[in-house]
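> I would like the atomic coordinates for the input below:
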Amino acid sequence: MTNYLDFEKPLAEIEGKAEELRAMARKNDEMDIEDEARALDAKASVLLKDLYKKLTPWRKCQIARHPERPHCKDYIEALFTEYTPLAGDRNFSDDDAVMGGLARFDDQPIVVIGHEKGHDTESRLKRNFGMARPEGYRKAVRLMDMADRFGLPVITLVDTPGAYPGKGAEERGQSEAIARSTEKCLQVGVPVISIVIGEGGSGGAVAFATANRLAMLEHSVYSVISPEGCASILWKDAEKMREAAEALRLTAQDLLNLGVADQVIPEPLGGAHRGRDETIQAVGNALRLMLKDLSHMEPKSLITHRRKKFLDIGSKGLAA
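Purely as a prediction, here's the structure:
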């Protein structure tokens, strides 16, 4: 059953009517409703194109958060072979919000790290809705150290509302762990490629996205704060999230213009959740090209390139 977003309610009504007709036909072989159902399908298709023709930043936020979007686990299972997860930070515990381990991509050994949100109530609670604790970032540092030692490219999949803000996380050094992970991204002498597959929230995302190449899915977002959080701080009213989303310039298209993102990966019409296999394949193709582009660079050149990329952020100014 499809989960429809608020602005997709008219689409839900039309597609619901088409499904009702087909359900009735399945119960009664004598009913011939295919022409009516096809007419509704055509109407829904036109409406879907209209809805997604010019999305506002807030609507893109909603799509980026859609529960049926492919998550980190889906990409790892589809794109990588011989995935061997590594657990724990060798200090406190394992963090289920962060997945990571050794794998092969097109038979090339790599290290993959990503935020995992979960797909149902049980897994979302286990994964803490993709909000990593300090041990998650320290696990990522451990994995990046291993990648650097053995000369393995690092691929990160970013999808988090932000780092977990709980008391325990703060007591165990949340900000320091994020800073160490960001620092390690800048230090490793191997290619680092990051893809924002959903939400890129605050320092929790930066800790994985300080890369040689940063790609974003078409309807993903990447920002220093959520629109709701920004609205609460600036206007003391979380309901002004639409205005905040406009001001934050958090869409993939804005960030490409600003020089923060290097590439926007197209999504199927209606978002990644309406074409999961197609989206995963597009991410795989983008990864393949980015790895090839960086493969000839020496360790010192990779580090210099990565540092310069981030020092240059802001030099383009704000896009109109």
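
> so how far is Lys9 from the closest residue to Arg180 other than its chain neighbours?
Leaving aside its chain neighbours, Arg180 sits nearest to Val141 (5.6 Å; criterion: C-beta to C-beta, 6 or more residues apart in numbering). All C-beta atoms are positioned from the backbone trio N, CA, C, and that covers glycine. Separation of Val141 from Lys9 (C-beta to C-beta, to the nearest Å): 44 Å.

> between those two, who's got more neighbours?
Legend: neighbour count by other C-beta atoms under 10 Å for Val141 and Lys9, higher for Val141 (20 against 9).

> shouldn't the residue nearest to Arg180 be in contact with Thr182?
No. The pair Val141 / Thr182 is not scored as a contact, 9.8 Å apart, by C-beta atoms under 8 Å.

> quickly find the element holding Lys43.
Using DSSP states H and E, Lys43 sits in helix 34-51.

> could you dump the lengthiest strand in the chain to PDB, C-alpha only?
Longest strand of the chain, by residue count under DSSP state E: strand 192-201. Below are the C-alpha coordinates for strand 192-201, written out as PDB (Å, rounded to 0.1, in the frame of the first residue of the first chain):
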ATOM      1  CA  VAL A 192      36.000   9.300  -0.500                       C
ATOM      2  CA  ILE A 193      32.700   9.400  -2.300                       C
ATOM      3  CA  SER A 194      29.500  10.400  -0.500                       C
ATOM      4  CA  ILE A 195      25.900  10.200  -1.800                       C
ATOM      5  CA  VAL A 196      22.900  11.800   0.000                       C
ATOM      6  CA  ILE A 197      20.100   9.300  -0.500                       C
ATOM      7  CA  GLY A 198      17.500  11.000   1.600                       C
ATOM      8  CA  GLU A 199      18.100  13.500   4.400                       C
ATOM      9  CA  GLY A 200      21.500  15.100   5.000                       C
ATOM     10  CA  GLY A 201      21.000  16.600   8.400                       C
END
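
> and the next helix or strand past it?
That would be, after strand 192-201 and using DSSP H and E, helix 202-209.

> pLDDT-wise, which helix or strand of this structure ranks last?
helix 9-27 (a mean of 83; mean pLDDT, DSSP states H and E).

> what lies in contact with it?
2, 4, 31-34, 36-37, 40-41, 43-44, 47-48, 51 (C-beta atoms under 8 Å, 6 or more residues apart in numbering).

> the residue lying closest to Leu48 once chain neighbours are set aside: what secondary structure?
Closest residue to Leu48 apart from its sequence neighbours, by C-beta to C-beta, 6+ apart: Gly270 at 5.5 Å. When classified by DSSP: H, G, I helix; E, B strand; the rest coil, Gly270 comes out as coil.

> list the backbone torsions phi and psi for Gly270.
For Gly270, the backbone dihedrals (degrees, to the nearest 10) come out as phi 100, psi 0.

> where do the strands sit along the stretch 51-200 of the chain?
Using DSSP state E, counting those that start in this stretch, the strands found in the stretch 51-200 of the chain span residues 81-85, 98-105, 108-115, 154-160, 192-201.

> so what's the most centrally placed residue in the chain closest to, chain neighbours aside?
The residue lying closest to the centre of the chain (C-alpha atoms, centre = their mean) is Ile197, at 2.2 Å. Distances taken as C-beta to C-beta, 6+ apart place Asp159 nearest to Ile197, at 4.9 Å, with adjacent residues excluded.
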